[in-house]
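1. here's my sequence, what's the structure:
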Amino acid sequence: MTAGLFICDHVPSEYQSTFGDYSDMFARLFPEFEWKLYDIINGRFPRDLNECDVYMATGSHHSVYENLAWINKTKEMIRELYSLNKFFIGFCFGHQLLGDAMGGKVEKSSNGWCVGAHVYTVSEQTDWMVPYRNPVNLLMVCQDQVVKLPEHARVLASAEMCPNAIIQVGQRMLGIQGHPEFSKEYDQFLMEKRVERIGAEVVKEGIKSLEKKIDTDLIHDWILAFLQRAV
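-> Numbering: from 1, shown residues only. As a prediction, this is how the structure comes out:
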């Protein structure tokens, strides 16, 4: 399967030797895929959306409601992917892109920052959640959230501070407000780099939450099953 990655941000170059870039993280999470990389934050888009079987979008320090040309063009592509009945899976910022592009609303959450490990409670079990587990733990680093669902969307899982944590739009699009591609070390690195923005107490609790087991392998399996069963 060929997967196209919409790269919406980069790890700062001075830290890539430690953590890799976002494309490296996704390649580690999904070694089964043949990857095509699209550096959309720098204006490099697919020439033809039929180039890949599935598209995924990374996180970003940007907000989807910023009026930037590359963000607006990406939203147009997501709507086109939907009309073509193509697979799209967005993570964090990519999740928010999906929600906004399809008519939902994204804004800074009144719950504040979600960082560290969060517990996701499944509200709708699907046939691709194999093996099934409820709840599941995922890493988060976000302040923006999808606060209003788009049309043809349903909530599959929620977290205490994030009601729309996993959403499905139509049959072939998923949004996950989390980072299964992150390591605990990188999640902690981001918290510590943003302590002034996030707040010292929130960061302290976020780092403590990293003691939880993270269900990275499970989310990997669910996504593969989603792609296989929705065909």
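2. which parts of this structure are helices?
-> 16-19, 22-29, 69-83, 93-101, 184-193, 195-198, 200-209, 216-229 (DSSP state H).
3. can I have the third one written out in CSV, keeping just the CAs?
-> In CSV, the C-alpha atoms belonging to helix 69-83 read as follows (Å, rounded to 0.1, in the frame of the first residue of the first chain):
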residue,chain,number,x,y,z
ALA,A,69,-2.2,29.4,1.6
TRP,A,70,-0.9,26.0,2.3
ILE,A,71,-3.5,25.3,5.0
ASN,A,72,-6.3,26.5,2.7
LYS,A,73,-5.1,24.3,-0.2
THR,A,74,-4.8,21.3,2.1
LYS,A,75,-8.4,21.7,3.2
GLU,A,76,-9.4,21.8,-0.5
MET,A,77,-7.5,18.6,-1.1
ILE,A,78,-9.2,16.9,1.9
ARG,A,79,-12.6,17.8,0.4
GLU,A,80,-11.4,16.4,-2.9
LEU,A,81,-10.2,13.2,-1.3
TYR,A,82,-13.7,12.8,0.2
SER,A,83,-15.4,13.3,-3.1
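4. now that helix, how far from the chain's geometric center?
-> 16 Å (C-alpha atoms, centre = their mean, to the nearest Å).
5. pLDDT of it, averaged?
-> In this model, helix 69-83 has a mean pLDDT of 98.
6. the first one now?
-> Across helix 16-19, the average pLDDT comes to 97.
7. before we move on, what about the fifth one?
-> pLDDT averaged over helix 184-193 equals 97, rounded to a whole number.
8. for the fourth one, same thing?
-> Model confidence over helix 93-101 averages 98 on the pLDDT scale.
9. kindly report the same for the last one.
-> Helix 216-229 shows a mean pLDDT of 95 in the predicted model.
10. same question for the second one.
-> In this model, helix 22-29 carries a mean pLDDT of 98.
11. out of the helices of the chain, flag the one nearest N134.
-> Comparison of the helices of the chain against N134 by C-beta to C-beta identifies helix 216-229 as nearest, at 10.5 Å. The C-beta positions use only the backbone N, C-alpha and C, and glycine is treated the same way.
12. how far off helix 184-193 does that closest one point, in degrees?
-> Taking axes from the mean of the first three to the mean of the last three C-alpha atoms, to 10 degrees, helix 216-229 and helix 184-193 form an angle of 110 degrees between their directions.
13. packing partners for helix 216-229?
-> Contact here means 3 or more C-beta pairs under 8 Å, 6 or more residues apart in numbering; DSSP states H and E; on that basis helix 216-229 packs against strand 87-91, strand 136-142, strand 173-176.
14. residues of that helix that come out buried?
-> T216, L218, I219, H220, D221, W222, I223, L224, A225, F226, L227 (16 or more other C-beta atoms under 10 Å).
15. could you dump the helices of the chain to TSV with distance to T2?
-> Output for the helices of the chain, formatted as TSV (distance: least, C-beta to C-beta, whole Å):
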stretch	distance to T2
helix 16-19	25
helix 22-29	13
helix 69-83	14
helix 93-101	18
helix 184-193	26
helix 195-198	37
helix 200-209	35
helix 216-229	12
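16. please identify the most buried of those.
-> helix 93-101 (a mean of 27; mean count of other C-beta atoms under 10 Å).
17. contacts for that helix?
-> 6, 8-9, 56-60, 62-65, 71, 74-76, 78-79, 88, 90, 105-106, 144-146, 148-150, 153, 164, 167, 169, 173-177 (C-beta atoms under 8 Å, 6 or more residues apart in numbering).
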